[in-house]
Each structure stands twice: as structure tokens, then as C-alpha cells.
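**Q** this one's sequence-less:
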């Protein structure tokens, strides 16, 4: 879009609109006015017609479909496949050099990290109260029972993800301890002075946890506060085991301990509690709970929560829908698979190319901290290879099969031969080439495993979605859709125009006409 580069005024306008960050919605009027002023300068120096044409050309960038307004960030830029390839190669290089997480954070990054930790805690954290007792004989031969109370903040992960716990410990100023136990990794903060530092940093974040874990935190923190207040103010000459007020306090703390975490039966949230979804909270939650997987050769993503936290998934869905037009996301309510399992709900991000591209574009620039970034990278690589028709190549099929296997993702990262093959294939040209027919691509001659690999990239499609938004089917034409539903293509056209759910022989569906935008 850089036009008439020899004109210094236009070069300034290009720099203003293209090289600068995209504006936030709060700055629309300021940017609009600034743009008018720049175009006025063009009018004076270059003529009215050029100024008007330039204004029309560039003002469209402010409302380009390439960008979508999000909740806490200005815009989501929808990357091309070429841009995504470079982004993913840069991310792989960053990880291989051990630079996924910076050693130190500036003030802005610290705020982002604490917000990330809020999300990670909603997924993998818990607040625990440990009441222990020991019995000793005193000098008179009496058995004395001594009770102590410990308060713990715990993050529990698989051992392979232990490095993220060291990163968290580092970013929190070195408090707590990281431990391995029977194949699991734990970050535990238990010392009083460490807990004081943690709460000073995280109180406003923990008190805004989105899931019902906020109830556990508030109860846990109440017990911690009253316990240490008692310890600080008690009469030191009176042993704890003889202090009746301590016994009363201990009963209250025991009651709190028995009503949080897995023992909780009451889930009424505070009146002032609001679910707050931000990009960094969501990344932390995804790194804790998210699942990137393949459905055949289509990439898919899901987040699961117990039914009691279904509303959190609803808010996440609403947040993701702001990423762009035709973003497909749904929630499915599931029955328990076993006697001990609770009812749960699953959020699914749909398979469509537009959805996949926007979701990857949203996640790829966020500051990943855990090993789940490897899942995301492999997932994105599969998306790129399939989008470029390289899954028809022998080497492409081999790479996808290896990436699809999650037996040892870390070894895949360290497999230099596999890394080289991936990089070489990503850097190669697309395996699709254009045909004389508009909107049709075909795999290159003598370079594919089957002889008739055709890809439609433009034109009219029909998308049907069921009532629960959990099932969708795409048809290449009204005729194909009509054959599926055993009606005429005219009927399909009428159903699309009605823009409402239609009862058919195969169920209740919404019919939409879409345009595929695969590069």
C-alpha cells in the first residue's frame, strides 16, 4: 500500500499509518483528526484530488477486516501464512536458545506476569491448610499434644514442566520451594514471611480469580490472617496446649480447612465478584488447562471445567468471539464418565481456517512460560503445512505423524534432524498452485501422493450449525448441501435468506453463506 514513494508527504503518511501501531478505540477521534490534518497538507502541496484519494485509501486501514477489537488489547492482527511461518520459526529459535522467559521483568512485564499467574492459579493452583499434631511426654510423665498450623500456596504440575515453576519462583522474588515427588512437580510457599510477600504481590489478583477457587483463597486468607494475628498477640507465658482461646481458634480454622478445595459444597460467589477475562489471564489458564489437538488433519482446541465453573467458559467464549468475524467457538455440557467424576463443560475452538488463523495470531505474540508452548508450536506447524498442501508430500505426512504423536514432545524439540526437516519444509514454497478457474488451487504436478488434490479457496460456501453450536458442516455449494438434505437447491437458498434455525429431516440447523479465506 505504499504509493508514490517519491512524494515526501505521502511517505510521511505511510509512516504514520503503516509503521505505527494500530490505534485503540479510545484514540479514534484523535487519529481521525491527525489523519485529516496530514491530508490537508497533501491537499496544499499536491492537489485536492490526490488528498481525497489518499484519505479514502488510508482511512480504510483503521477499520480493516484484518483487525478485530479485543477486550484488553487494541487489535488482533490476522497474520498471513508467510508471516505465521516466520513467527513460528522465531519462536522455535527462541526456545532452542533457552530464552522463552526473560531472566528479569520490567514493571509492565511484571504486571503481565501477575495477571498470567492469576490465570495459571485458576487452572493449577490451590490454597491449603495443614494442621498437624505431635505428642510428647512432659517431665511429669503426662502425654501432651502439640498442634501446629501451616498455610500453603501450591502449584502442581507434571514433572516435565518443572522449569515453569522455577520461572514463577524467580519472578516472585525467590520465595517458596520447587520439589519433585513421584513424577510430579510442586511449587510450594509455606513460610510465613514468604506468604506475606506473596500476598502483598498477589492479593488483588487472587481476590479476582475467575473460578470458584476465589472462594478457597478468601477463606484460606481469612484463616491465615486470624491465626497469625492470634500468634502475634497471645500471652507468651501461656503454652498453646493450655490456651482455651487457641483451641477455639483451632476449631474455626479446622472448619475452614474442611470446607475448601475438594471438600467445598457451597459455591455462592461474593456479590462484588466479576469474571474478568484478559489476554494474559487467558494465556495462563490455557497453559494450565488448555488442550491443543488434531482432529484428523484439522487443528482443534478445548478447555474443560467442572459444571460449577461453566460461566467462566461462557465469558471466555464471549471474549474469543471478539477476535474477529466468523470466529467459531462452542460449549458442550458433558455427563460424568465415572462415578467419581463431576459433570463438566468443554469449550471448543472450531476448525475453520479463519478461526484457526485468528486464534494463532492472538496467541503467538503472548509471553508463554510453560512447556505447553511446544504443543502450540507443533499445532501451528500442522496448520501451516496443511494450509499449503504439504500434507500431501511424503515428508509432510511424515512430519505431521511425528508431531501428532505426543509420546515425547521434548525429544521432538531436541531432534535436530526433525527440526531441520520442519524448517526446510516451512521455508519451501506452497505445494498449491493456482489454476485458471478463480478460487481453485491444485497440488503441483508430480509432487503429491494422490493425483487429484484440489483445494477451493474462494467462492460461495454453505455452513450449517446446530442449535448447541457444537456441530458444523461446510458444503462447497448449494447443490451439495441440497443433496445432503434431500431438498432442492432453491430450498437451500431460501433457508439461507431466512437466517434462522430450520427444522430438517437431519436436525435443526442454521444455514449461512460464507467465503473461505484460506491463502
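**A** Here it is on my side, so go on. Every value quoted in this text rests on a predicted model; they were computed, and no experiment measured them. Numbering: from 1, shown residues only.
**Q** max-length strand in this protein?
**A** strand 143-158 (DSSP state E).
**Q** how far does that strand sit from its chain's centre?
**A** Relative to the centre of its chain, strand 143-158 is centred 33 Å away, using CA atoms, centre = their mean, to the nearest Å.
**Q** that strand pairs with which strands, and in what direction?
**A** Within its sheet, strand 143-158 is paired with strand 125-137 (antiparallel), strand 184-189 (antiparallel), according to DSSP bridges.
**Q** could the ones you listed be laid out in JSON lines, adding distance to residue 195, mean pLDDT and mean neighbour count?
**A** All C-beta spots, glycine's among them, are computed from the backbone N, C-alpha and C. JSON lines is the format used below for the strands paired with strand 143-158 (distance: least, CB to CB, whole Å; pLDDT from 0 to 100; neighbours: other CB atoms under 10 Å):
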{"stretch": "strand 125-137", "distance to residue 195": "10", "mean pLDDT": "88", "mean neighbour count": "14"}
{"stretch": "strand 184-189", "distance to residue 195": "6", "mean pLDDT": "97", "mean neighbour count": "19"}
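**Q** tally of neighbours for residue 382?
**A** The tally of other residues near residue 382 (other CB atoms under 10 Å) stands at 22.
**Q** same deal with residue 338?
**A** 5.
**Q** what about it, which SS state?
**A** coil (DSSP: H, G, I helix; E, B strand; the rest coil).
**Q** that older thread, just tell me which of the strands paired with strand 143-158 ends up closest to residue 431.
**A** Distance to residue 431, taken as CB to CB, is lowest for strand 184-189 among these, at 41.2 Å.
**Q** next one: that closest one to chain centre, how far?
**A** On CA atoms, centre = their mean, the centre of strand 184-189 falls 23 Å from the chain's centre.
**Q** again, but for stretch 385-394
**A** With CA atoms, centre = their mean, you get 26 Å for stretch 385-394.
**Q** just the terminal-to-terminal distance for that stretch.
**A** For stretch 385-394, the first and last residues are 12 Å from each other (CA to CA, to the nearest Å).
**Q** please work out the average pLDDT along that stretch.
**A** Mean pLDDT, stretch 385-394: 91.
**Q** repeat for stretch 192-202
**A** 97.
**Q** residue 379 reaches residue 299, doesn't it?
**A** Yes - in this structure, residue 379 is within contact of residue 299 by CB atoms under 8 Å, at 5.3 Å.
**Q** quick one, what contacts residue 148?
**A** Going by CB atoms under 8 Å, 6 or more residues apart in numbering, residue 148 touches 131-133.
**Q** leaving out chain neighbours, which residue sits closest to residue 168?
**A** The spatially closest residue to residue 168, leaving aside those adjacent along the chain, is residue 187, at 5.9 Å (CB to CB, 6 or more residues apart in numbering).
**Q** can you name the residues bridging to the one you found?
**A** residue 155, residue 178.
**Q** I'd assumed residue 152 was in contact with it.
**A** No - taking CB under 8 Å as the definition, residue 187 is not a contact partner of residue 152, at 10.3 Å.
**Q** just give me the neighbour total for residue 302.
**A** Neighbours of residue 302 under the rule other CB under 10 Å: 14.
**Q** buried ones in the helix or strand hosting it?
**A** Using DSSP states H and E, residue 302 maps to strand 298-306. Residues of strand 298-306 classed as buried: 299-301, 303, 305 (neighbour count, 16 or more other CB atoms under 10 Å).
**Q** one more: stretch 475-489?
**A** Of the residues in stretch 475-489, 475, 478, 481-482, 485 count as buried by neighbour count, 16+ other CB under 10 Å.
**Q** residue contacts, residue 511?
**A** Residue 511 neighbours (CB under 8 Å, 6+ apart): 462-464, 481, 492, 495-496, 498, 502.
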